[in-house]
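J.: here are the coordinates; sequence isn't available:
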Ligand code: MLY
């Protein structure tokens, strides 16, 4: 009985291969996360990417930060790696001749932005420049192949990192499918996306890897020892597929992790 999801047994039981780490735009050794909750930094507004805003670190998870834009609501938090090019120390924008912008959905009157900015930065704990790590270079070319396993962010629940499989490859684009779920969470992204990681990433960063949904497609090697799963019809797009779980994923309910105050689909 395994308490936690175990990649080694999972790869063995599904007869699959992990995508090599050089396929990813991630550092081989994950960057250390020195940030503390409450620290402020500059971040690109995810909903208005030409704007650089002030953000506060709301949470720490592995090599990622949970961020909230100052002056925004608590419904639009986003997660960034400490080596993301979307974040930088306070002062960077001004140094480059830019102006800090109010976030999309700024809760006050636009005319109060300059005063809000002064107040939010006054006495704030600013994240030191040394905490920001350089973004790793793009690997070239796209080495990901259909069937390879990886860890991927669930874009609908971006605090979750889940076991996934490359479902298709078209040039520089890869189709990310989530193991044991019925396709509702799948997406296309570029091979050099910062949202996909090699197998073992969460283990190294201390981020929580979600277990797969209940029905993982079993390939020939393991199919002999399992009753082969019949094709499941799309009953509900948002619940895990149901057939016998395999031992590597036993012991934990899938996809239910919900940090307090966080909405998910
Ligand atoms: N709100 C959904 C979360 C599903 C997550 C699916 N990911 C892990 C692919 C639920 O609670 O079922």
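T.: Structure received. Values in this document were obtained by computation on a predicted structure and should not be read as measured data.
J.: and the stretch 51-200 of the chain, which of its residues are near the ligand?
T.: 154, 157, 160, 162, 178, 181, 185 (Cβ under 6 Å from any ligand atom). Any C-beta I mention is one placed from the backbone N, CA and C, and that applies to glycine too.
J.: would TSV of those with pLDDT be doable?
T.: Shown next, in TSV, are those (pLDDT from 0 to 100):
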residue	pLDDT
154	98
157	97
160	97
162	97
178	98
181	94
185	97
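J.: can you list those in TSV and add neighbour count?
T.: Shown next, in TSV, are those (neighbours: other Cβ atoms under 10 Å):
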residue	neighbour count
154	22
157	18
160	23
162	25
178	25
181	24
185	22
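J.: which one among those gets closest to residue 62?
T.: residue 160 (11.8 Å; Cβ to Cβ).
J.: apart from its chain neighbours, what residue comes closest to the closest one?
T.: residue 154 (4.3 Å; Cβ to Cβ, 6 or more residues apart in numbering).
J.: residues in contact with the one you found?
T.: Counting by Cβ atoms under 8 Å, 6 or more residues apart in numbering, residue 154 makes contact with 160, 161, 162, 178, 185, 210.
J.: that one and residue 56, how far apart?
T.: Distance from residue 154 to residue 56, counting by Cβ to Cβ, to the nearest Å: 24 Å.
J.: all helices for the stretch 1-150 of the chain, in order.
T.: Under the criterion DSSP state H, counting those that start in this stretch, helices of the stretch 1-150 of the chain are mapped to 7-14, 92-95, 113-121.
J.: how about the strands in the stretch 101-250 of the chain?
T.: For the stretch 101-250 of the chain, the strands defined by DSSP state E, counting those that start in this stretch occupy 149-153, 161-170, 173-178, 187-190, 196-197.
J.: go ahead and name everything in contact with the last one.
T.: Which is strand 196-197. Contacts of strand 196-197 (Cβ under 8 Å, 6+ apart): 24, 26, 150, 151, 152, 153, 161, 164, 174, 176, 189.
J.: ok, the longest one next?
T.: With Cβ under 8 Å, 6+ apart as the contact definition, strand 161-170 has outside contacts at 5, 7, 10, 16, 19, 62, 142, 144-154, 174-180, 185-186, 191, 196-197, 201-202, 207-212, 255.
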